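[1] coords please:
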Amino acid sequence: MNPVTNPYAPGAGSPPPELAGRDAVREKMSICIQRVRLGKADKSIMLVGLRGVGKTVLLDQMMRDAEAQGVVAIRIEAPEGRSLPAALLPQLRLGLLRLSRLEKSKDYAVRGLRALAGFVGKLKVTFNDIEVGLDYEAEPGLADNGDLEGDLTALLEQVGKAAQSAETVVVIYIDELQYVPEPQMAALISALHRCAQQKLPLIVAGAGLPQLRGRMGEAKSYAERLFAFPPIGPLGEEDATDAIVKPAASENVAVDEDAVKLIVQYTQGYPYFLQEWGKHAWDVAEKSPITKADVEKASTEAIAALDESFFRVRFDRLTPTEKRYLRAMAELGQGPHRSGDIASELGRESSSLGPVRSSLIAKGMIWSPTHGDTAFTVPLFDDFMKRIMPGRDWLNAEV
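    Predicted structure coming up:
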């Protein structure tokens with residue numbers, strides 16, 4: 001069939017044609033915004049889940065939903081190796097400038113911009129990656145103590161007061177939140193806690209890997225009372241079916257029931273993989289309907305595409321020792337696995353593998369569902385590891 005009209009959209013953060021199975025979370029966020037706008041307490045939302053479940057797509061859709069409600073939306077990503085202030089301050093500035101154009105919130109917004117100037121003046125030495133324009137002189141004593149937690153709290157308070165005077169809500173959307181270092185995470189949580197105590201309309205919607213919940217709890221013990229952590233997982237059979245059938249139907253193409261079932265089986269309902277299989281099944285099929293035979297033929301190409309992009313880009317960041325650790329996990333199956341079992345597979349003592357395990361957690365490749373357990377953060381990565389490191393030579397080989 002015509003590849004130009006192929007409706008499926010595999011890609012990092014690419015919105016799918018049918019965002020199936022996420023209505024409840026979107027509604028939860030909408031209610032949160034409406035409550036906070038009215039001065040009522042509610043929890044900020046943190047989306048947690050494995051790679052490929054569509055957290056980024058959902059976060060962006062929630063942002064579009066919020067903008068339709070008239071809120072001031074700020075969107076950042078927290079990549080590895082960059083500080084939270086460096087990512088956050090330029091976007092906070094844009095939000096404050098927007099609020100400063102409204103007569104009823106101008107004074108608070110300008111004071112927020114002065115707080116931002118004070119923050120930068122004191123903390124730019126600590127966070128030397130901060131690059132942000134300053135529109136006003138700093139106000140002495142406002143967000144300029146040189147203490148991240150206190151200054152970020154003072155800054156977000158001013159943002160919240162500006163939003164309150166404008167009768168709106170500021171929502172900060174943060175993707176890949178698990179990469180924020182613990183002291184910076186603690187400062188953010190503390191600042192949000194203070195805003196919640198003052199009933200200021202400023203909340204955060206974040207997204208991260210499953211370890212995010214534990215990391216936030218370690219940063220501040222009250223985090224679990226301040227945030228809701230809806231798990232974002234693979235789609236159930238009905239929603240996965242919709243994700244395949246509805247986009248095709250929009251192009252007047254049918255998908256046989258057996259073909260859909262096979263796609264769901266191959267992908268285990270993970271949204272990214274559903275898009276990949278849908279795309280290749282469409283390209284392979286000569287006409288409507290897309291059949292089971294088409295899906296079987298397309299699967300080879302779908303797996304090859306995943307190996308070269310989704311999986312390979314993560315594999316190439318690993319050291320030889322880290323690759324062997326993950327290969328040992330794959331040998332044991334999908335997981336989760338006990339650290340001792342992984343060590344036994346490698347012929348090593350568990351204690352000697354602690355630094356490797358910690359490095360893989362920091363890189364977002366694995367996480368610990370419970371103490372002593374280890375699981376992949378990337379679905380189907382165990383199968384990929386077996387394909388790229390077959391046999392048993394990997395135990396001693398340089399990769």
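
[2] From now on I want contacts and neighbour counts done on CA atoms only, so please keep to that.
    OK.

[3] Can you give the domain ranges for the protein?
    3-12+235-314, 23-228, 317-395 (automatic domain parsing).

[4] need these in CSV with mean neighbour count, can you?
    Converted to CSV, the domains of the chain look like this (neighbours: other Cα atoms under 10 Å):
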stretch, mean neighbour count
domain 3-12+235-314, 19
domain 23-228, 20
domain 317-395, 17
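
[5] Next one, pLDDT for residue 224 please.
    What the model reports as pLDDT for residue 224 is 88.

[6] Leaving out chain neighbours, which residue sits closest to it?
    residue 217 (6.5 Å; Cα to Cα, 6 or more residues apart in numbering).

[7] Same question for residue 140.
    Using Cα to Cα, 6+ apart, the nearest residue to residue 140 is residue 118, at 7.4 Å.

[8] before we move on, what about residue 182?
    Nearest non-adjacent residue to residue 182 (Cα to Cα, 6+ apart): residue 219, at 5.7 Å.

[9] How much space separates the one you found from residue 250?
    46 Å (Cα to Cα, to the nearest Å).

[10] now residue 226
    41 Å.

[11] Check residue 330 too.
    For residue 330 relative to residue 250 (Cα to Cα), the value is 39 Å.

[12] got it, and residue 359?
    45 Å.

[13] quick one: low-confidence parts of this structure?
    12-13, 397-399 (pLDDT under 70).

[14] can you give me the strands for it?
    Using DSSP state E, the strands of the chain run over 44-48, 72-77, 170-175, 202-208, 227-228, 337-338, 366-367, 373-376.

[15] how about the ones you listed in TSV, adding distance to residue 36?
    Listed next are the strands of the chain as TSV, based on distance: least, Cα to Cα, whole Å:
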stretch	distance to residue 36
strand 44-48	10
strand 72-77	13
strand 170-175	10
strand 202-208	8
strand 227-228	14
strand 337-338	42
strand 366-367	33
strand 373-376	36
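
[16] how about those strands, which one is nearest residue 262?
    strand 373-376 (23.7 Å; Cα to Cα).

[17] what's that closest one in contact with?
    334-339, 365-369, 382 (Cα atoms under 8 Å, 6 or more residues apart in numbering).

[18] what's the closest of the residues you listed to residue 188?
    residue 367 (22.7 Å).

[19] For that closest one, list each beta-bridge partner.
    With DSSP bridges as the criterion, residue 367 is bridged to residue 375.

[20] Tell me who's in contact with the residue lying closest to residue 290 once chain neighbours are set aside.
    Of all residues not flanking residue 290 in the chain, residue 255 sits nearest, at 4.6 Å (Cα to Cα, 6+ apart). Neighbouring residues of residue 255 by Cα under 8 Å, 6+ apart: 244-245, 248, 288-291.

[21] May I ask which two of these are separated the most?
    Between all members of these, the farthest pair (by Cα to Cα) comes out as 244 and 288, at 13.8 Å.

[22] where's stretch 36-45 relative to the chain centroid, distance-wise?
    Using Cα atoms, centre = their mean, to the nearest Å, the distance from the centre of stretch 36-45 to the centre of the chain it belongs to is 22 Å.

[23] what about that stretch, how long is it end to end?
    13 Å.

[24] Could you pull out the helices in the stretch 101-250 of the chain for me?
    106-123, 148-165, 182-197, 212-219, 223-226, 237-250 (DSSP state H, counting those that start in this stretch).
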